[in-house]
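> build the 3D model from these lines:
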Amino acid sequence: MNAGADLSASAGLRAVGISVRDRFIAEAEIRALLKCAHARQARGEFAAARVGNSAHLQRCADIRGDFSCWLREPLYGAERILLEELEQLRLELNREAFLGLFETELHYCWYPPGAEYTRHLDQPDGSTQRRVSLALYLNMEWEPCAGGALRIFAAKRRFQDIEPIAGRLVCFLTPGREHAVLRARRDRWSISGWFRARE
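Numbering: from 1, shown residues only. The predicted structure is shown next:
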């Protein structure tokens, strides 16, 4: 099952709440973004991801084992290009799916071997600003044996596993959509985040 894979992002979100678009960016752009991620990592900008509400955040690697780095100024050229491309997608979703998306929030995610993120929702503390979750994968030559699939849960114990293949962009409606990242067996890189609406 690969729901939403053959539809535009807006059509996929309207039809099944999920959109999977392969080759959203070209290989040269993937490599440039990986170079940016590694440069930020070398500068110590990545931090261990934490779980909990804003008042009680804590590191629980058995629940969430990734490391993250928010995309903030100063940005590299490749990061600016990606933001421009995602801005076009945001406008498309507003135009065709009437989602009222106002801004974009993004971060790099690095899962070292053995890391995972158990089943969870993307809306903390009852906030409703995050409307569309997205993940853009940067993993060259990824194979199924490497694990690390995005698992999106549906009704009646059903789920969809999506491999984190380089250039693939996954979008899904955030409210109520439980998902997980299965254990990775090699370094797994992505740029993840949300299109947000005003409260």
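> going forward, measure contacts and count neighbours with C-alpha atoms only.
OK.
> what residues sit buried inside stretch 79-88?
Residues of stretch 79-88 classed as buried: E79, L82, L83, L86, E87 (neighbour count, 16 or more other C-alpha atoms under 10 Å).
> which one of those sits closest to A154?
Nearest to A154 among those, counting by C-alpha to C-alpha, is L86 at 26.2 Å.
> assumed that closest one was part of a strand.
No: assessed with DSSP: H, G, I helix; E, B strand; the rest coil, L86 is helix; it does not lie in a strand.
> what sits against it?
If a contact means C-alpha atoms under 8 Å, 6 or more residues apart in numbering, then L86 has no contacts.
> where in this structure is pLDDT low?
1-7, 52-55, 124-126 (pLDDT under 70).
> could you pull out the strands in it for me?
Taking DSSP state E as the test, the strands found in the chain are 18-21, 47-48, 67-70, 103-111, 117-120, 130-137, 150-153, 159-162, 169-173, 179-181, 188-196.
> on that earlier part again, closest to E29 among the buried residues of stretch 79-88?
The shortest approach to E29 among these belongs to L82, at 8.5 Å (C-alpha to C-alpha).
> quick check: the closest one vs I191, distance?
Distance, L82 to I191, using C-alpha to C-alpha, to the nearest Å: 10 Å.
> same list, the strands of the chain, but as CSV with distance to L33 and mean neighbour count please.
Shown next, in CSV, are the strands of the chain (distance: least, C-alpha to C-alpha, whole Å; neighbours: other C-alpha atoms under 10 Å):
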stretch, distance to L33, mean neighbour count
strand 18-21, 18, 24
strand 47-48, 18, 15
strand 67-70, 13, 20
strand 103-111, 10, 20
strand 117-120, 23, 18
strand 130-137, 10, 24
strand 150-153, 20, 19
strand 159-162, 21, 16
strand 169-173, 14, 23
strand 179-181, 21, 22
strand 188-196, 9, 24
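> now the ones you listed as CSV including distance to H38?
Shown next, in CSV, are those (distance: least, C-alpha to C-alpha, whole Å):
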stretch, distance to H38
strand 18-21, 25
strand 47-48, 13
strand 67-70, 11
strand 103-111, 10
strand 117-120, 22
strand 130-137, 15
strand 150-153, 22
strand 159-162, 24
strand 169-173, 20
strand 179-181, 21
strand 188-196, 10
